[in-house]
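Chemist: I need the structure of the sequence given here:
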Amino acid sequence: MLNEERLNSFEKMLSDILVRYDSVIEKMAALKAEGKEKTVTYRRLFADKLQMQAISSYYRTCGLLDNDRK
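Modeler: The predicted structure follows:
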């Protein structure tokens, strides 16, 4: 039972990361369209994007994420 709960937790974490990544990309695109790439908000989103990419790369390295995703 514990292993199934743990697996579900990892799956939820991965799903949340991918959803957040997509959200960050959308917000960055909107700011870029407004010419606001130098704002603090844009730079914070960029840092978040890098963090989400790093986490998802760990999932990919462990074989828990397909190569066709981010």
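
Chemist: Check which helices and strands the helix of greatest length in the chain sits against.
Modeler: Counting residues, the longest helix found in the chain (DSSP state H) is helix 2-33. Packing partners of helix 2-33 (3 or more C-beta pairs under 8 Å, 6 or more residues apart in numbering; DSSP states H and E): helix 40-61. Where you see a C-beta, it was placed from the backbone N, CA and C, and this is true even at glycine.

Chemist: And residue 28, how close does it get to residue 3?
Modeler: Distance, residue 28 to residue 3, by C-beta to C-beta, to the nearest Å: 37 Å.

Chemist: Those two: which has the busier surroundings?
Modeler: Of the pair residue 28 and residue 3, residue 28 is the one with more neighbours under other C-beta atoms under 10 Å, namely 19 against 7.

Chemist: State whether the more buried one and residue 49 are indeed in contact, as I suppose.
Modeler: Yes - counting by C-beta atoms under 8 Å, residue 28 does reach residue 49; the two are 6.8 Å apart.

Chemist: shared neighbours of those two, which are they?
Modeler: Counting by C-beta atoms under 8 Å, 6 or more residues apart in numbering, residue 28 and residue 49 have no shared contacts at all.

Chemist: shaky segments in the chain?
Modeler: For the chain, residues meeting the criterion pLDDT under 70 lie at 1, 67-70.

Chemist: give me phi/psi at residue 36?
Modeler: phi -110, psi 40 (degrees, to the nearest 10).
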